[in-house]
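Colleague: show me the folded form of this:
(2 chains)
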Amino acid sequence: MQDSLKSSSYQQLEQKSKYTNIFLRWFLYFILILFASYFIFPLYVMVVTSLKTMEEIRQGTLLSWPRGLNLESWAVAWGGRGYGAGDTFLRPYFWNSIKMVVPAVFFSTFIGAMTGYVLTKWRFKGDQWVFLFLLFGCFIPFQAILLPMARTLGVLGISNSVIGLVLVHTVYGIPFTTLFFRNYYISVPTELVKAARIDGAGFFKIFFKILLPISAPIIVVTVIWQFTQIWNDFLFGSTFSFGEAAPIQVALNNMVLSSTSVKEYNVDMASAIIAGIPTLIVYVLAGKYFIRGLTSGAVKG
Amino acid sequence: MFKWLEKNLPKIVMAPAVGLIGWFVYGFVLWTLYISFTNSKILPKYELWGFGQYEKLWASRKWLIAVDNLLIFTALFLIFCVVIGIILAIFLDQKIRAEGLLRTIYLYPMALSFIVTGTAWKWILNPTLGIQKMFRDWGFENFTFDWLVDREMAIYTIVIAGVWQSAGFVMALFLAGLRSVEDEIVKAAKIDGASLFTVYWKILLPMMRPVFFTSFVILVHISIKSYDLIVALTQGGPGISTTMPALYMTQTAFHKSQVGLSAASAMMMFMAVAAVIIPYLYSELRRENAR
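Modeller: Numbers count the residues shown, from 1 in each chain, chains lettered A, B, ... in the order given. The predicted model follows:
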């Protein structure tokens, strides 16, 4: 087949392959859908399980459809059963996470924008080394800083507090936010900045009047990245906080691990979905920016 | 004075970031390094003790299991993520209907935390009510799938969940790579009689060398740091059969109060990451400078 086609034009070839490849097409879709079901399977199981009663769970299988829209396990996961000791539920920890994420995302994004701006538009001798110096922070395994961080937070009197976690997430977010803004601003023509400088505009005026108005896409990418990272963090949360100051991932883990008499998988699944829903919503609404953050040379920490 | 301030304003603005990273990253790593050479137990001691902690570490059965598991996990995690990622990227690149939807499905696990997905997988893999029961209810009465509670096999459940979480990411990297190749190259090859398979195998995949490299670095990095997934899925068990270095480090530090020993394990992790990252950063920078 290959030889006979050698001299024919591209259009003919396309035409030909259109008919011969119908089988391949079906195969293609089959594989793609097969993988799609592998990826969707856990989410499906989570949702249906959260809607079942424990009775249904024991009788049915993983895949079986729930009998009705039973939202009780969601209510228990969010607000508890209303009795005192040992009744853990997610609501307070959800707010802890919000209180932690909002300032940490704000500060780290702001600092990253500033450093990215200086590194590209106010270049100085050795700025590349400074960038490398900051960039290396993206890659360190956090185990290498856990022990001194725990002591530092203790000395500062903010261990086991939301403020402590804000500090930790802000600091270790800076390398990523710097990377994002630096890579974005480097493609902005420096002539714009130079012209503004000749006109007498200062450091901050140039930033707020020229750079910031065109920064919307990279701000979205950075905010989404930082939000996802900090919301999903478990290592820092579980190391530097316990009890009431814990963020939601830590609370979820404690809830699932707590060995009370009967394991309630429906409540576990509802809790897992609650803990995952904010980042999932962001992903569905702004997937394009999410993926751009993931693939722009950044490393998931 | 004002002149000086104006002239140095950019550097002053840089100072907080550089100071914070200098202190909290470099300073802290050096502190951990120093502590790894002391005989610190619950509280840090500052008298040097030599390589004692490292000797203790590499004589510890638990650490050796952790390193073993890391090697198994990294190898399988890499192979499966890259193979699945490439297959999905190439297939999606064939002018597929509903490409956007499929892409969204393949990548959504990346938006979830390992604790959330670990919780889901733990439920799916548990023998009494999960997959095993499902198949038995369907009539396969001897069907057994109890890897989660099997010492020998539990590590592979972590691979299953890890690949599920990260394969879509490799797909996204390769899809972006394939899309950046000029259409003309593919067309020319087809006119020369190359089959689609040859086009990918001989032309496009070799062009994806940088993408392979990036995926490799990122995946190895994820696997060395893996901690959350193990905590959520197995807590290192059954027994200590699924311990990994990151889990070993926190357990040694915070449950066993062996600060010196855990610092040594943290430094081993640090060196493993550095061995992968430094060549990567070096080549990235060279590429950028060459541009």
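Colleague: quick check, residue B:96 in a helix?
Modeller: No: using DSSP: H, G, I helix; E, B strand; the rest coil, the assignment for residue B:96 is coil, not a helix.
Colleague: surely residue B:149 touches residue B:241?
Modeller: No: with contact defined as CB atoms under 8 Å, residue B:149 does not reach residue B:241; the gap is 10.2 Å. Using the backbone N, CA and C atoms, a C-beta is placed for each residue, glycine as well.
Colleague: mind naming the longest helix for chain A?
Modeller: Taking DSSP state H as the criterion, chain A has its longest helix at helix A:91-121.
Colleague: please state the offset of it from the chain centre?
Modeller: 13 Å (CA atoms, centre = their mean, to the nearest Å).
Colleague: go through it and flag the buried ones.
Modeller: By 16 or more other CB atoms under 10 Å in any protein chain shown, the buried positions in helix A:91-121 come out as A:93-94, A:96-97, A:99-101, A:103-105, A:107-109, A:111-121.
Colleague: give me the mean pLDDT for stretch B:45-60.
Modeller: Across stretch B:45-60, the average pLDDT comes to 86.
Colleague: do stretch B:163-183 as well
Modeller: Mean predicted lDDT for stretch B:163-183 stands at 88.
Colleague: is any residue of that stretch near chain A?
Modeller: Yes: using CB under 8 Å from any CB of the partner chain, stretch B:163-183 reaches chain A at B:164, B:168-169, B:172-173, B:176.
Colleague: residue nearest the centroid of chain B?
Modeller: residue B:222 (1.3 Å; CA atoms, centre = their mean).
Colleague: show me the helices in the stretch 101-250 of chain B, by range?
Modeller: Counting by DSSP state H, counting those that start in this stretch, the stretch 101-250 of chain B has helices at residues B:114-125, B:131-137, B:154-179, B:183-191, B:196-198, B:205-207, B:209-225, B:228-233, B:245-250.
Colleague: swap in the stretch 151-300 of chain A?
Modeller: Using DSSP H, counting those that start in this stretch, helices in the stretch 151-300 of chain A cover A:162-185, A:190-198, A:203-206, A:216-232, A:235-240, A:248-257, A:265-285, A:287-295.
Colleague: now render those as TSV, adding distance to chain B, mean pLDDT and mean neighbour count.
Modeller: Output for the helices of the stretch 151-300 of chain A, formatted as TSV (distance: least, CB to the nearest CB, whole Å; pLDDT from 0 to 100; neighbours: other CB atoms under 10 Å in any protein chain shown):
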stretch	distance to chain B	mean pLDDT	mean neighbour count
helix A:162-185	5	92	24
helix A:190-198	11	87	13
helix A:203-206	5	88	16
helix A:216-232	3	91	22
helix A:235-240	6	92	23
helix A:248-257	5	90	23
helix A:265-285	4	91	21
helix A:287-295	5	76	20
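Colleague: tabulate those (JSON lines), appending distance to residue B:187.
Modeller: Shown next, in JSON lines, are the helices of the stretch 151-300 of chain A (distance: least, CB to CB, whole Å):
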{"stretch": "helix A:162-185", "distance to residue B:187": "32"}
{"stretch": "helix A:190-198", "distance to residue B:187": "38"}
{"stretch": "helix A:203-206", "distance to residue B:187": "46"}
{"stretch": "helix A:216-232", "distance to residue B:187": "32"}
{"stretch": "helix A:235-240", "distance to residue B:187": "48"}
{"stretch": "helix A:248-257", "distance to residue B:187": "49"}
{"stretch": "helix A:265-285", "distance to residue B:187": "35"}
{"stretch": "helix A:287-295", "distance to residue B:187": "26"}
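Colleague: model confidence for the closest residue to residue B:131 other than its chain neighbours, exactly?
Modeller: Leaving aside its chain neighbours, residue B:131 sits nearest to residue B:145 (5.3 Å; criterion: CB to CB, 6 or more residues apart in numbering or on different chains). On the pLDDT scale, residue B:145 is placed at 81.
Colleague: surely residue B:145 and residue B:134 touch.
Modeller: No: using CB under 8 Å, residue B:145 is not in contact with residue B:134, being 9.3 Å away.
Colleague: does residue A:47 touch residue A:273 like I think?
Modeller: Yes: with contact defined as CB under 8 Å, residue A:47 counts as touching residue A:273 (6.9 Å).
Colleague: circling back to that earlier point, now for the residue nearest to residue B:131: which residues touch it?
Modeller: Counting by CB atoms under 8 Å, 6 or more residues apart in numbering or on different chains, residue B:145 makes contact with B:125, B:127, B:130-132, B:135.
Colleague: tell me how far it lies from residue A:128.
Modeller: 53 Å (CB to CB, to the nearest Å).
Colleague: ditto for residue B:54
Modeller: 35 Å.
Colleague: so between those two, which is more surrounded?
Modeller: Applying other CB atoms under 10 Å in any protein chain shown to residue B:54 and residue A:128 shows that residue B:54 carries more neighbours, namely 17 against 13.
Colleague: so that one: helix, strand or coil?
Modeller: helix.
Colleague: so it touches residue B:263, yeah?
Modeller: No: counting by CB under 8 Å, residue B:54 stays clear of residue B:263, with 10.1 Å between them.
Colleague: C-alpha coordinates for stretch A:209-220, CSV please?
Modeller: Taking Å, rounded to 0.1, in the frame of the first residue of the first chain, the C-alpha atoms of stretch A:209-220 are listed here in CSV:
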residue,chain,number,x,y,z
LYS,A,209,-0.3,51.4,35.0
ILE,A,210,1.5,49.2,32.4
LEU,A,211,2.1,45.7,33.7
LEU,A,212,-0.8,45.1,36.0
PRO,A,213,-3.6,45.9,33.4
ILE,A,214,-2.2,43.2,31.1
SER,A,215,-1.5,40.7,33.8
ALA,A,216,-5.0,39.2,34.1
PRO,A,217,-4.2,35.8,32.5
ILE,A,218,-1.1,35.1,34.6
ILE,A,219,-2.9,36.3,37.8
VAL,A,220,-5.6,33.8,37.1
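Colleague: gap between that stretch and the chain center?
Modeller: On CA atoms, centre = their mean, the centre of stretch A:209-220 falls 21 Å from the chain's centre.
Colleague: what of stretch A:195-203?
Modeller: Distance, stretch centre to chain centre, for stretch A:195-203: 38 Å (CA atoms, centre = their mean).
Colleague: with stretch B:45-56 instead?
Modeller: That offset, for stretch B:45-56, works out to 30 Å (CA atoms, centre = their mean).
Colleague: what lies in contact with that stretch?
Modeller: By CB under 8 Å, 6+ apart, stretch B:45-56 touches B:34, B:36-39, B:260-261, B:263-264, B:268.
Colleague: hmm, which of those residues are the buried ones?
Modeller: B:36-39, B:260-261, B:263-264, B:268.
Colleague: now render these as JSON lines, adding distance to residue B:83, secondary structure and pLDDT.
Modeller: Formatted as JSON lines, these follow (distance: CB to CB, whole Å; DSSP: H, G, I helix; E, B strand; the rest coil; pLDDT from 0 to 100):
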{"residue": "B:36", "distance to residue B:83": "38", "secondary structure": "helix", "pLDDT": "91"}
{"residue": "B:37", "distance to residue B:83": "42", "secondary structure": "coil", "pLDDT": "91"}
{"residue": "B:38", "distance to residue B:83": "45", "secondary structure": "strand", "pLDDT": "89"}
{"residue": "B:39", "distance to residue B:83": "46", "secondary structure": "coil", "pLDDT": "85"}
{"residue": "B:260", "distance to residue B:83": "41", "secondary structure": "helix", "pLDDT": "90"}
{"residue": "B:261", "distance to residue B:83": "38", "secondary structure": "helix", "pLDDT": "92"}
{"residue": "B:263", "distance to residue B:83": "37", "secondary structure": "helix", "pLDDT": "93"}
{"residue": "B:264", "distance to residue B:83": "35", "secondary structure": "helix", "pLDDT": "93"}
{"residue": "B:268", "distance to residue B:83": "29", "secondary structure": "helix", "pLDDT": "94"}
